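**Q** what's the 3D shape of this:
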Amino acid sequence: MKTKIRQEILEILNIDIDLFIKKLNEITDSGVFDEFREDIIGLYLLGNSRKEVAQILLGHTRQKIKDKAKREKKLSQDIADPLSKNIYPRIAKLMGVYQEEIAGEWAKILNFLLDPQNNYKLNPPPQLNYDNFQGSIGNQFFIFSGSQDIVQDKIDATNFYQRGLFYQAFHCFVSAWNIERESYGSGNPETLIYLNNCLIEKYKNNLEEQKIKVSTLAVVVPFYHNQGKVATEILRGISQIQSYVNYSIYQQLPDLEYIYEFEESFFRLNNNHQKIVIKILIVNEQNNIHFPTNRTAERLCELSSELNIIAVLGHYSSEMTRQAITIYANHGMVLLNFSSTSNELSNFSTAEQLSFYRLTTQDSIAARNLVDHLTTIYTNSVPQNSSIIYNQNSSYSLSYKQTIEDALQQNKGIFNHVDDYPNLGNSHNQIRPYLTEITENNVNIIFLIPDGGIEPNSLKNTGFISRLNVNHCLIAGSATFYQENVINWIDELHQLELIENQNRNIIACIPWHFNSNSNGINSNNHIAQNFCILGSNLWGENNLTWRSATAFDAVLTVFRTLERYPINNHQELATNMNNFLKINQEIINGVTGQIQFSENGDRLNPPTEIVKINFNQNRQEWEWNIV
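**A** Prediction:
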């Protein structure tokens, strides 16, 4: 079909003309329509008469017939033949009527296409981008790959999605997904989320007929922090559980062969026969603590009715979570947090506690476990001089630092605490004098606490300190220190032959690790096992992190509630989650172990793992691994 005709149908009639033509071509073995017959269909749908259709398509080729009456008769016949012999028979069969009922009745044909039950009427998604707010359910990409083919597929996919052409968008997303996996050995989780969203939109009417609920969750991630690496880790966990949940509904659909190539046993997540599919809205978090209000939270509450958002997952940093919780609480919206660990978040008001569920491990536990681990190492040694480097502008960094100080104070005979440095977010040159001071004071242990992305220099300076290996100190980091960057920095020194193939004195305390003895790939936790197996298939080995696992468990927490209660909106979810998880304190088995909540939203007995950077001789690479 000519581009101009197709464009007019999309813009004026809002009909998926490509899907209509595809269905007509599938009806008989007579072959597919050529462009001429497609144009006939398109022009009639746009309201043209037979004479007008003939003049547009054939007028210039029949000018040699001088007699006007004969010329018009010939034009009419050239259009009538394909209509009666090819076009009307297929349309009648598609509509389930006799040909005589629809021949020449283009108003009837148009009404058939405009009926939402027949799946040809386009429903473009709402406009999601406003000042200080960026969101996507498939209408834009945040993570782009280097390959031009992948970029073009993503551009085409998002353009189709914006116009409500979900069939076309789906196949462009599939193409991008397949090329990425073939080229890089790892899929893009954002693409997998949009694939799932496309299937939901494409089969929306079928889902309604079968009374299958579509539950929309918004996930807020910081794409600008650490070049999108943190956001990607989180979305791996989100996309995996979305695929787990939706697979049981979509496994009979032919399109699934393009995406899911995994054993069915991986997807035995459902506890009952509730039919649920999950749609994900991805939102970019600016991580700007200087705005007077959290515009992301405000906008999500405004969109909650239009998009039927039943819960929000996020925010990444403790500062943004603290800023947002009041807004969600005022709207009765649940916030499930997978990454904010500040002790401050344990002391919300009663109203805020009703909306808050924290899946990760708070500083009061993680920081103390880090010190406890070091205590077991140095109990019989001479006192170790220690120092803390943190960012005083971050409530999270301050929280972690305070817990470390309290734990060191309780172990005075083992640790001799030296002055701290509170300006990890300052410039590179401002930190140098302090590092010289550390050397002069014979510091043995540096506690390194970068913030959650609120000041870019914090992570940069963390790399600077890690590479210097000041005084051959042991560096002990928080969960924010656990980054792929640290591995890359150490590998850089290794390649330059500045360090040998030996273990570095770098450790961290995190909530979960792929090789966890209790919740890893070789543990007795079957959900964790399957999470790791599928994750290795999708993203390659060693690409699932604690952020992926806690994000997975955040969605799982909502899913288990949806299985148990009939929920239609975010207020009903908030009520039932509070009864299910806080009043009754029910236990959910997740990737990170047993999930149970206290009244304030903190997790009871949250997990911790001590990890260390070492050199894997078999793979010839540096890695984080269990101590």
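**Q** so who does Leu345 touch?
**A** Listed by C-beta atoms under 8 Å, 6 or more residues apart in numbering, the contact partners of Leu345 are 318, 321-322, 325, 337, 356, 358, 362, 601-602. The way it works is simple: take the backbone N, C-alpha and C, and place the C-beta from them, glycine included.
**Q** narrow these to those in helices?
**A** Residues of the contacts of Leu345 located in helices (DSSP state H): 318, 321-322, 325.
**Q** report the two of those separated the most.
**A** Spatial extent of these (C-beta to C-beta) is set by the pair Ser318 and Ile325 at 10.6 Å.
**Q** before we move on, the earlier item: put together a markdown table for the ones in helices among the contacts of Leu345, with pLDDT on each row.
**A** As requested, the ones in helices among the contacts of Leu345 are exported to a markdown table (pLDDT from 0 to 100):
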| residue | pLDDT |
| --- | --- |
| Ser318 | 96 |
| Thr321 | 97 |
| Arg322 | 96 |
| Ile325 | 98 |
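**Q** picking up where we left off before, more crowded one of Ser318 and Ile325?
**A** More crowded of Ser318 and Ile325, by other C-beta atoms under 10 Å: Ser318, with 29 against 26.
**Q** which ones are touching that one?
**A** 340-342, 344-345, 394-396, 399, 452.
**Q** roughly how far apart are it and Asn343?
**A** Distance, Ser318 to Asn343, using C-beta to C-beta, to the nearest Å: 9 Å.
**Q** shared neighbours of those two, anything?
**A** Counting by C-beta under 8 Å, 6+ apart, the shared contacts of Ser318 and Asn343 are Ser399.
**Q** hang on, the earlier thing: just the contacts of Ser318: which are in strands?
**A** Members of the contacts of Ser318 lying in strands (criterion: DSSP state E): none.
**Q** so for those residues, which is the shakiest by pLDDT?
**A** Lowest pLDDT within the contacts of Ser318 is found at Gly452 (92).
**Q** pLDDT score for the nearest residue to that one once chain neighbours are set aside?
**A** Spatial nearest neighbour of Gly452, chain neighbours left out: Ser317 (3.3 Å); criterion: C-beta to C-beta, 6 or more residues apart in numbering. pLDDT for Ser317: 96.
**Q** if I pick Ser317, what's in contact with it?
**A** Here Ser317 is in contact with 222, 285, 287, 289, 339-340, 394, 396, 451-454 (criterion: C-beta under 8 Å, 6+ apart).
**Q** any low-confidence regions in this structure?
**A** Scanning the chain with the threshold set as pLDDT under 70 gives 59-72, 75, 251-273, 468-471, 496-503.
**Q** tell me the domain ranges of it?
**A** Structural domains assigned to the chain are 3-118, 134-361+527-595, 370-510, following automatic domain parsing.
**Q** give me the distance between the first one and the centre of its chain.
**A** What it means is domain 3-118. Relative to the centre of its chain, domain 3-118 is centred 42 Å away, using C-alpha atoms, centre = their mean, to the nearest Å.
**Q** what's the answer for stretch 176-193, then?
**A** Its chain's C-alpha centre and that of stretch 176-193 lie 13 Å apart, by C-alpha atoms, centre = their mean.
**Q** can you list contacts of that stretch?
**A** Defining contact as C-beta under 8 Å, 6+ apart, one finds that stretch 176-193 is touched by 141-143, 145, 147, 149-150, 153-154, 157, 173, 195, 232, 235-236, 238-240, 242-243, 258-259, 280, 282, 538-540, 543.
**Q** just the buried members of those residues?
**A** For the contacts of stretch 176-193, a burial check counting by 16 or more other C-beta atoms under 10 Å picks out 141-143, 145, 150, 153-154, 157, 173, 195, 232, 235-236, 238-240, 242-243, 259, 280, 282, 538-539, 543.
**Q** related to what we said a few turns ago, possible to save the contacts of Ser317 as JSON lines with distance to Gly135 and neighbour count?
**A** Listed next are those as JSON lines, based on distance: C-beta to C-beta, whole Å; neighbours: other C-beta atoms under 10 Å:
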{"residue": "Pro222", "distance to Gly135": "14", "neighbour count": "23"}
{"residue": "Glu285", "distance to Gly135": "11", "neighbour count": "23"}
{"residue": "Asn287", "distance to Gly135": "16", "neighbour count": "21"}
{"residue": "Ile289", "distance to Gly135": "20", "neighbour count": "17"}
{"residue": "Ser339", "distance to Gly135": "19", "neighbour count": "29"}
{"residue": "Ser340", "distance to Gly135": "20", "neighbour count": "28"}
{"residue": "Ser394", "distance to Gly135": "26", "neighbour count": "27"}
{"residue": "Tyr396", "distance to Gly135": "25", "neighbour count": "30"}
{"residue": "Asp451", "distance to Gly135": "24", "neighbour count": "31"}
{"residue": "Gly452", "distance to Gly135": "21", "neighbour count": "30"}
{"residue": "Gly453", "distance to Gly135": "19", "neighbour count": "22"}
{"residue": "Ile454", "distance to Gly135": "21", "neighbour count": "24"}
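**Q** possible to save those as CSV with distance to Leu13?
**A** CSV is the format used below for those (distance: C-beta to C-beta, whole Å):
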residue, distance to Leu13
Pro222, 41
Glu285, 39
Asn287, 43
Ile289, 48
Ser339, 46
Ser340, 48
Ser394, 53
Tyr396, 53
Asp451, 52
Gly452, 48
Gly453, 46
Ile454, 48
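**Q** excluding its backbone neighbours, what's nearest Asn123?
**A** Asn123 sits nearest to Gly164 (C-beta to C-beta, 6+ apart), 5.2 Å away.
**Q** go on, Ile21?
**A** Per C-beta to C-beta, 6+ apart, closest to Ile21 is Glu38, 5.8 Å.
**Q** all helices for the stretch 151-300 of the chain, in order.
**A** 166-184, 189-202, 204-209, 229-250, 295-307 (DSSP state H, counting those that start in this stretch).
**Q** so Val371 sits in a strand?
**A** No - going by DSSP: H, G, I helix; E, B strand; the rest coil, the assignment for Val371 is helix, not a strand.
**Q** does it really touch Ile404, like I thought?
**A** Yes - with contact defined as C-beta atoms under 8 Å, Val371 reaches Ile404; the gap is 6.2 Å.
**Q** which positions in stretch 304-313 come out as buried?
**A** Buried residues in stretch 304-313, counting neighbours by 16+ other C-beta under 10 Å, are found at 304, 307, 309-313.
**Q** relative to Glu100, which of these is nearest.
**A** Leu307 (44.6 Å).
**Q** what's the closest one in contact with, if anything?
**A** By C-beta under 8 Å, 6+ apart, the neighbours of Leu307 are 126, 137, 216, 281.
**Q** 7 Å instead?
**A** The contact partners of Leu307, by C-beta atoms under 7 Å, 6 or more residues apart in numbering, come to 126, 216, 281.
**Q** kindly report the same for Leu45.
**A** Listed by C-beta under 7 Å, 6+ apart, the contact partners of Leu45 are 9, 13, 106, 110.
**Q** can I get those residues in a markdown table including neighbour count, secondary structure and distance to Asn530?
**A** Below are those laid out as a markdown table (neighbours: other C-beta atoms under 10 Å; DSSP: H, G, I helix; E, B strand; the rest coil; distance: C-beta to C-beta, whole Å):
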| residue | neighbour count | secondary structure | distance to Asn530 |
| --- | --- | --- | --- |
| Ile9 | 22 | helix | 45 |
| Leu13 | 19 | helix | 46 |
| Trp106 | 18 | helix | 53 |
| Leu110 | 16 | helix | 49 |
